[in-house]
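Novice: Provided below for reference: sequence and predicted model.
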Amino acid sequence: MDEAQILKIAQTLDDARLKATPLPQFSSFIKDFSRADAYHAQEEGIKIRTSRGEKIIGLKMGLTSEGKRKQMNLDSPLYGVLTDIMEVPHAGTFNLKGSIHPKIEPEIAFYINKDLKGKITRDDVLAATEYIAPALEILDSRYEGFKYFSMEDVIADNSSSSHFIIGPKCTNFKSLNLLNLKMQMKINGLVLAEGISSDISGDPVVSVIQLAELLSFRDQFIPANTIVLAGAATLAISLEPNMLVSLEVDNLEKMSLSVEE
Ligand code: OOG
Ligand code: MG
């Protein structure tokens, strides 16, 4: 695909996001849309946002759980970029205006304070982690119906990321078994999504390792001072007005978000 076509995809998706108007999938009419083109379009989309003054503060892994891959009918993990304006404070309010068909999902975040490049180990990730935290990600696909036929569409669309919330920080995470943390997302007090931290790539630390590897294919890395969302442990739930969403992860402090119209 040529540069002009890639730029056009990035601009069209940016417009759809700003106008909260969904689009048909590009793969329904573009036949030579490769994975590299898709990440290239994602990078151009992020350039459009940073040129307006947004700051890159994090990265997200997605489709790291088997349940999510089945929900979306997609086969492998992917990543996206988080900017400062996508962050909603913990215990704050999320206003649905400006979203198309938002969904929320429970995650674990890692705050990485050293560069992580290429092939890295579990110990490298732990040594570079300043804290972990429970996290919520709000997804809002810019495509009609929030269903994809292709990985390329969703990657170009910054892997559906819309907003994220980082819960209370935990710095003594080295004493926790990160493979065995129960995660419960409640809506208005009812448990609607439940999983275990090992539903995230078998081990959420593995998501960070996979992220560094995926980035290396684009000659990129996880820079110091980056928030990394490791991916959802359960299926995503559609957001509606007046929901109080809370997330409880074993050994971490509870977090919450109110949703309003
Ligand atoms: C893709 C993004 C998935 C996760 O945590 O699995 C994701 C999507 O489902 O739209 O963020
Ligand atoms: Mg996610």
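Specialist: That came through, no problem. Ligands and ions are numbered 1, 2, ... in the order given.

Novice: The most centrally placed residue in the chain pairs with what?
Specialist: The centroid of the chain falls nearest to residue 60 when counting by C-alpha atoms, centre = their mean (3.9 Å). Per DSSP bridges, the residues bridged to residue 60 are residue 80, residue 229.

Novice: what's the spacing between it and residue 256?
Specialist: For residue 60, the distance to residue 256 equals 20 Å [C-beta to C-beta, to the nearest Å]. (C-beta placed from N, C-alpha, C; glycine too.)

Novice: quick one: is the lowest-mean-pLDDT helix or strand in the chain near ligand 1?
Specialist: Ranking every helix and strand in the chain by mean pLDDT, DSSP states H and E puts helix 66-72 at the bottom, with a mean of 86. Yes - using C-beta under 6 Å from any ligand atom, we find that helix 66-72 touches ligand 1 at 68, 72.

Novice: just how off-centre is that helix within its chain?
Specialist: Relative to its chain's centre, helix 66-72 lies at 14 Å (C-alpha atoms, centre = their mean, to the nearest Å).

Novice: before we move on, what about stretch 80-88?
Specialist: That offset, for stretch 80-88, works out to 9 Å (C-alpha atoms, centre = their mean).

Novice: Please name the nearest non-neighbouring residue to residue 33.
Specialist: Distances taken as C-beta to C-beta, 6 or more residues apart in numbering place residue 152 nearest to residue 33, at 4.4 Å, with adjacent residues excluded.

Novice: and that neighbour, helix, strand or coil?
Specialist: helix (DSSP: H, G, I helix; E, B strand; the rest coil).

Novice: I'd say it and residue 31 touch.
Specialist: No - the pair residue 152 / residue 31 is not scored as a contact, 10.9 Å apart, by C-beta atoms under 8 Å.

Novice: more neighbours, those two?
Specialist: When residue 152 and residue 31 are compared for neighbours, residue 152 comes out ahead with 24 against 7, by other C-beta atoms under 10 Å.

Novice: Could you check how far the more buried one is from residue 206?
Specialist: On the measure of C-beta to C-beta, residue 152 and residue 206 end up 24 Å apart.

Novice: And for residue 165?
Specialist: For residue 165, the distance to residue 206 - C-beta to C-beta - is 23 Å.

Novice: Please identify which of those two sits among more neighbours.
Specialist: residue 165 (26 against 21).

Novice: How many residues are close by the nearest residue to that one once chain neighbours are set aside?
Specialist: Of all residues not flanking residue 165 in the chain, residue 136 sits nearest, at 4.5 Å (C-beta to C-beta, 6+ apart). Number of residues near residue 136 (other C-beta under 10 Å) recorded here: 26.

Novice: Give the bridge partners for residue 136, please.
Specialist: So, taking DSSP bridges as the rule, residue 136 has residue 106, residue 165 as bridge partners.

Novice: That one is in contact with residue 108, isn't it?
Specialist: No - with contacts defined as C-beta under 8 Å, residue 136 does not count as touching residue 108, sitting 10.6 Å away.

Novice: quick check, stretch 148-160 touching ligand 1?
Specialist: Yes - using C-beta under 6 Å from any ligand atom, stretch 148-160 reaches ligand 1 at 154, 159-160.

Novice: wait, is residue 177 part of a helix?
Specialist: No - Residue 177 is assigned coil when assessed by three-state DSSP, not a helix.

Novice: can you pull the contacts of it?
Specialist: The contact partners of residue 177, by C-beta atoms under 8 Å, 6 or more residues apart in numbering, come to none.

Novice: any idea how far it lies from ligand 2?
Specialist: Residue 177 is 22 Å from ligand 2, where distance means C-beta to the ion, to the nearest Å.
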